[in-house]
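Asks: Got a predicted model here, sequence first, then my questions.
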Amino acid sequence: MSTENVVISSIVNNDNSYPVVDTLASYLPRVDQFYIPEWLTVQFVTQNLICFTPLISYGTTVISIERSKTSLGFSIDICATMLIASILRVSYYLITPYEITLLRQALIMIFIQLILLRTTLIYRPEEYKYDNLITVEPFTGLIHDIWIECFGDEKFGWDWRVIWRCLTIKNILSFTAKFVLVILYKCLKFFDPSFKRFKSFWQWNDDRFFWKFLIYFSTFQIFFTIFIAKILDWEELAQWIGSLIGSTGLLVESLLPLPQISILNKLKSVQGFKLILLVSWLCGDTLKITYLVFGAKNISYIFVVFALFQMSLDFYIGGQYIYYKYYYESNENSQNTEEIELREFNVTSSSKNINIGHSQPS
């Protein structure tokens, strides 16, 4: 028999047992119970993880840049992507209110991205500035090249036979396909930080232009949204503009990994890119998709589509990280070894030729 039962049974034999038993029972520890607050639910934990994950992932990036005193290897376009997408998400909420958790995440994201942008600009390398970037081919020049390739060098005149000879279905389809490829090429180059952009967008040499753009963009976006949704009070127009703003914000956010993919491909190294940032992206994508599918309310399916697209790009970065971290250096070393061997072979053969030349009689 346990000590607790002995004490209680001995007390029960007395006349005034019941009050004493109740008193002892109230002081005895209840080790067989575990109290969980009603508000501590799985949904509550998931919501807070989604909200505060940016503080951990991008906060560690800020600390890493501060310690290394350089932002080489980190794409400053990540700040632009997340700031623009978050501002659009906030303005979208003013027209079409959605899950409050995603709104809190957008506000926290704006806060940490402003800190990250300031840190990145302080330690921005010279090769990331506009004057030191590569000039991309002009759009008109590319269109002219594919025009010559598809239709030849002949110019249209009043001769219908020349027009008929050039405007064949094959040439038109070929020109259309290459025109689409040119647009895709220009879009990819726009997200490549190594090439100059139109009006040097987000590549300004003066750091003040970054803050001016954010102030002008956020002010215009918020006031425009308030004017449409609250002042004008045009329900159909507000819903249409709200859908456009929301879709644009999701599209911009889903393109987040593209600048980092371009930088890793250029550097052939993962220097300056932290693994914890990639892990946080993948974990954040997993949490966001899970929450959108199973826990969120009043959410359009387009949120899930763009989230899946962004996750696929993050997996691609994961492949880049593994390759450049563990495989590319070994390949590079083997190539260097082969080059050294070839140089030695050339030197030996050339020396032999010299000796043979000197051995020949004059």
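Replies: Sure thing, it's come through. Small disclaimer: the values here were computed from a predicted structure and weren't measured. Numbers count the residues shown, from 1 in each chain.
Asks: ok, for the residue nearest the centre of the chain, nearest residue in space, not its chain neighbours?
Replies: Residue closest to the average C-alpha location in the chain (CA atoms, centre = their mean): residue 256, at 2.7 Å. Leaving aside its sequence neighbours, residue 256 sits nearest to residue 81 (CB to CB, 6 or more residues apart in numbering; 4.7 Å). C-beta: built from backbone N, CA, C; applies to glycine.
Asks: Which of the helices or strands spans the one you found?
Replies: In this assignment (DSSP states H and E), residue 81 forms part of helix 77-95.
Asks: And the helix or strand following that helix, what does it pack against?
Replies: Per DSSP H and E, helix 77-95 leads on to helix 100-122 as the next helix or strand towards the C-terminus. With contacts taken as 3 or more CB pairs under 8 Å, 6 or more residues apart in numbering; DSSP states H and E, helix 100-122 sits against helix 42-68, helix 77-95, helix 208-226.
Asks: I'd like to know which of those has the weakest mean confidence.
Replies: Sorting the helices and strands packed on helix 100-122 by mean pLDDT places helix 42-68 lowest, at a mean of 83.
Asks: my guess is residue 266 contacts residue 194, does it?
Replies: Yes: counting by CB atoms under 8 Å, residue 266 does reach residue 194; the two are 5.4 Å apart.
Asks: more crowded one of the two?
Replies: Set residue 266 next to residue 194 and count neighbours by other CB atoms under 10 Å: residue 194 wins out with 17 against 11.
Asks: Tell me who's in contact with that one.
Replies: The contact partners of residue 194, by CB atoms under 8 Å, 6 or more residues apart in numbering, come to 133, 134, 262, 263, 266.
Asks: Spatially nearest residue to the third one, not counting backbone neighbours?
Replies: Spelled out, it's residue 262. Distances taken as CB to CB, 6+ apart put residue 192 closest to residue 262, at 4.1 Å, once the chain neighbours are dropped.
Asks: Doesn't that neighbour belong to a strand?
Replies: No: looking at residue 192 with DSSP: H, G, I helix; E, B strand; the rest coil, it is coil, so not inside a strand.
Asks: how about it, what does it touch?
Replies: 259, 262, 266.
Asks: Residue 228 now?
Replies: 95, 234, 237, 238, 241.
Asks: Among those residues, which are located in helices?
Replies: Mapping these onto helices (DSSP state H) picks out 95, 237, 238, 241.
Asks: Quick check: the second one vs residue 94, distance?
Replies: Think residue 237. Separation of residue 237 from residue 94 (CB to CB, to the nearest Å) stands at 14 Å.
Asks: higher neighbour count, these two?
Replies: Using other CB under 10 Å, the more surrounded residue of residue 237 and residue 94 is residue 94, with 17 against 13.
Asks: wait, isn't that one in contact with residue 226?
Replies: Yes: with contacts counted by CB under 8 Å, residue 94 reaches residue 226, the gap being 6.4 Å.
Asks: Stretch 249-264: which residues count as buried?
Replies: 249-250, 252-264 (16 or more other CB atoms under 10 Å).
Asks: got it, and stretch 311-322?
Replies: In stretch 311-322, the ones that count as buried by 16+ other CB under 10 Å are 311, 313, 314, 317, 318, 320.
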